[in-house]
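Asker: the following comprises the amino acid sequence and a computationally predicted model.
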Amino acid sequence: MALRGLEPRQAAERLSGPWLNVWFLCFVLPLVASNPSLEPEAKSYSFGRHFLGLDKCNACVGTSICKKFLKEQIRFERWLSSQQNLPSANRTFYEANYTDDSESWRPVVLSHLVSPHLHDLADKSICKSAGKRKSCSIEAVLRATQRFQNWTHSNLLLPSMVQGLAPPMLRCPSQRLLDRIVRRYFEVADVGSVQMKHFTTKDRLRLLYTLAVNQQPLILQMFPGTEGWPFPRYHGSCGRLMVWAGSRPLKKLYSSPLAQRADAAYQLLHITQSLASNSLRFNLYYTMASEDMFGTVEDGRLLIMDASTIGIIDLQEGFHSEENPQANHSDIFSCLGSSCQQTLPCESVRSSQSFTLLCRHVLHKLLSPADVRSGLPKMAIMELAVCADHSQTDQRIFKAVQTLQDTLQALRPCSNDYGYRYPECKYSNKF
């Protein structure tokens, strides 16, 4: 092969034939094989449209965080290890990790609005309501309902537009509460107005669908942790999947020393009190309570991780009275969530209800009679029993709560593990 006497252009043409294939096999392929870094990088996983619920939009939450999924800045927890298979699609919650710079990762929770099974049942009921036996365009059916038509003709979210929806925060909604929902709605481009003039038709359907199925993402947006509310940070949504900051389950503290459990119990009582009495004059109350509602974060703070069962009463505007209380406002949107039953009327909510539910279902797992041997005064156990007894008067329950708080305050630890209390621990004479 004599290439020495050829011009460079002629040599390139000669190599472009079969000799190029020989040159590639002999020199380039062994180099790639010995150096894996030169191989094209394969994606380690993929979030499918069906898993995210994007195939059901705009009967979904939104798309505000979809770019993070596409850029692989949100990963299931075990995807940071060698295991890269998708977890079971039948779960409602997933532990995951989130990053902004691909270097530092922080825990988050990925959650469906309801379980995939309930989503399937709801989708089938939507199709059935339109006379479709198997499948249908869910969005088209919902758009054709009278409720959604009312939504398209109003630039304000009015109490009459949410009547018959199941979430507890809508049991007696005031106009001020509904204005806050619209003003803090994270899934539209222009946030801050109480009017929905800038809402597209798909934005309105997404908000209505979210209100009907699960109030959790809306509570986190309306009462953000950055403003002092005891809720985790809401990162956004993609399809029917929501993302918010992660935490450690409360039950992880059950085997901890008394000081740590006393601090958690004190925080639970304190945040329950702050929900009922705050500068906004919204009474956020529990319609139920369980250990799964709460979690702790790195600095020791305790947060309400599941706000789906919290009711809201506007103490400033009072209850919204329906023009016809006997009217039936139920429709296909009334039964899309985990429960079709509406909570009790706001008039029946006792001011001590949240404390009673908390003491009966949560606090007794943090504090027990056996803790008396570790320094817990017997009076605390007695007052805990009073707090959990709904037959007691509101005044007696409030007195028990105050006694519990005073007792637990003295038992709380002061250490670097509780950064949320700085500078209280560092400068207070009590420590």
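Answerer: Yep, it's here. Residues are numbered from 1 along each chain as shown.
Asker: residue contacts, Ile283?
Answerer: Wrong residue type there; residue 283 is Asn, not Ile. Leu275, Ala276, Ser277, Ile312, Ile313, Asp314, Leu315 (Cβ atoms under 8 Å, 6 or more residues apart in numbering). From N, CA and C alone the C-beta is placed, and that goes for glycine too.
Asker: do that again at 7 Å, thanks
Answerer: Ala276, Ile312, Ile313, Leu315 (Cβ atoms under 7 Å, 6 or more residues apart in numbering).
Asker: do you know the pLDDT at the last one?
Answerer: Per-residue confidence for Leu315 comes out at a pLDDT of 96.
Asker: next, count neighbours for it.
Answerer: For Leu315, the neighbour count with other Cβ atoms under 10 Å is 14.
Asker: how about stretch 128-140 as PDB, C-alpha atoms only?
Answerer: C-alpha atoms of stretch 128-140 as PDB (Å, rounded to 0.1, in the frame of the first residue of the first chain):
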ATOM      1  CA  LYS A 128     -68.600   4.500  33.400                       C
ATOM      2  CA  SER A 129     -70.300   7.800  34.200                       C
ATOM      3  CA  ALA A 130     -70.000   8.700  30.500                       C
ATOM      4  CA  GLY A 131     -71.400   5.300  29.400                       C
ATOM      5  CA  LYS A 132     -68.000   3.900  28.400                       C
ATOM      6  CA  ARG A 133     -67.400   0.300  29.500                       C
ATOM      7  CA  LYS A 134     -63.700  -0.100  29.100                       C
ATOM      8  CA  SER A 135     -61.600   3.000  28.500                       C
ATOM      9  CA  CYS A 136     -62.200   6.600  27.500                       C
ATOM     10  CA  SER A 137     -60.600  10.100  27.400                       C
ATOM     11  CA  ILE A 138     -60.800  10.900  31.100                       C
ATOM     12  CA  GLU A 139     -60.000  14.500  30.500                       C
ATOM     13  CA  ALA A 140     -62.800  14.800  27.900                       C
END
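Asker: got the buried residues for that stretch?
Answerer: Neighbour counts over stretch 128-140 (16 or more other Cβ atoms under 10 Å) mark Ser129, Cys136, Ile138, Glu139 as buried.
Asker: just put these in CSV and tack on distance to Phe199, pLDDT and secondary structure.
Answerer: Below are the buried residues of stretch 128-140 laid out as CSV (distance: Cβ to Cβ, whole Å; pLDDT from 0 to 100; DSSP: H, G, I helix; E, B strand; the rest coil):
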residue, distance to Phe199, pLDDT, secondary structure
Ser129, 25, 92, helix
Cys136, 25, 93, coil
Ile138, 20, 95, helix
Glu139, 16, 96, helix
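Asker: closest to Ala259 among those residues?
Answerer: Ile138 (51.6 Å; Cβ to Cβ).
Asker: number of nearby residues for the closest residue to that closest one other than its chain neighbours?
Answerer: In this structure, Ile138 finds its nearest non-sequential neighbour in Ala59, 4.7 Å apart by Cβ to Cβ, 6 or more residues apart in numbering. Ala59 sits with 27 neighbouring residues when counted by other Cβ under 10 Å.
Asker: tell me if Ala59 really is in a helix.
Answerer: No - using DSSP: H, G, I helix; E, B strand; the rest coil, the assignment for Ala59 is coil, not a helix.
Asker: ok, it touching Ala140?
Answerer: No - in this structure Ala59 lies outside contact range of Ala140 using Cβ atoms under 7 Å: 9.8 Å.
Asker: what comes up buried for the helix or strand hosting Leu121?
Answerer: Leu121 is part of helix 116-129, with elements assigned from DSSP states H and E. Neighbour-count burial for helix 116-129, counted by 16+ other Cβ under 10 Å, picks out Pro116, Leu118, His119, Ala122, Asp123, Lys124, Ile126, Cys127, Ser129.
Asker: quick one: low-confidence parts of the stretch 201-350 of the chain?
Answerer: 320-327, 338-339, 342-343 (pLDDT under 70).
Asker: okay, helices next: where are they in it?
Answerer: For the stretch 201-350 of the chain, helices defined by DSSP state H, counting those that start in this stretch occupy the ranges 201-213, 216-222, 258-276.
Asker: need these in a markdown table (columns: mean neighbour count and distance to Asp394).
Answerer: Output for the helices of the stretch 201-350 of the chain, formatted as a markdown table (neighbours: other Cβ atoms under 10 Å; distance: least, Cβ to Cβ, whole Å):
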| stretch | mean neighbour count | distance to Asp394 |
| --- | --- | --- |
| helix 201-213 | 22 | 31 |
| helix 216-222 | 24 | 25 |
| helix 258-276 | 21 | 11 |
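Asker: can you pull out the strands in the stretch 101-250 of the chain?
Answerer: 106-112, 234-238, 241-245, 248-249 (DSSP state E, counting those that start in this stretch).
Asker: for His390, which of those is the nearest?
Answerer: strand 248-249 (26.6 Å).
Asker: run a quick neighbour tally on Ser391.
Answerer: Ser391: 8 neighbours (other Cβ under 10 Å).
Asker: mind checking the SS state of it?
Answerer: Per three-state DSSP, Ser391 ends up coil.
Asker: how about low-confidence regions in the stretch 51-200 of the chain?
Answerer: Ranges of the stretch 51-200 of the chain meeting pLDDT under 70: 77-90.
Asker: can you give me the helices for it?
Answerer: Under DSSP H, counting those that start in this stretch, the stretch 51-200 of the chain gives helices at 66-70, 116-129, 138-143, 146-152, 175-183.
Asker: which other helices and strands contact the second one?
Answerer: In this structure, helix 116-129 makes packing contacts with helix 138-143, judged by 3 or more Cβ pairs under 7 Å, 6 or more residues apart in numbering; DSSP states H and E.
Asker: check which helices and strands the helix it packs on is in contact with.
Answerer: helix 116-129, helix 201-213.
Asker: would you convert those into CSV that also reports distance to Met379?
Answerer: Shown next, in CSV, are these (distance: least, Cβ to Cβ, whole Å):
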stretch, distance to Met379
helix 116-129, 45
helix 201-213, 44
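Asker: closest to Arg360 out of these?
Answerer: Going by Cβ to Cβ, the one of these nearest Arg360 is helix 116-129, 27.2 Å.
Asker: run the angle between that closest one and helix 201-213 for me.
Answerer: If you take axes from the mean of the first three to the mean of the last three Cα atoms, to 10 degrees, helix 116-129 sits at 120 degrees to helix 201-213.
Asker: just the angle between helix 116-129 and strand 106-112, please?
Answerer: Using the same axes, to 10 degrees: helix 116-129 against strand 106-112 is 30 degrees.
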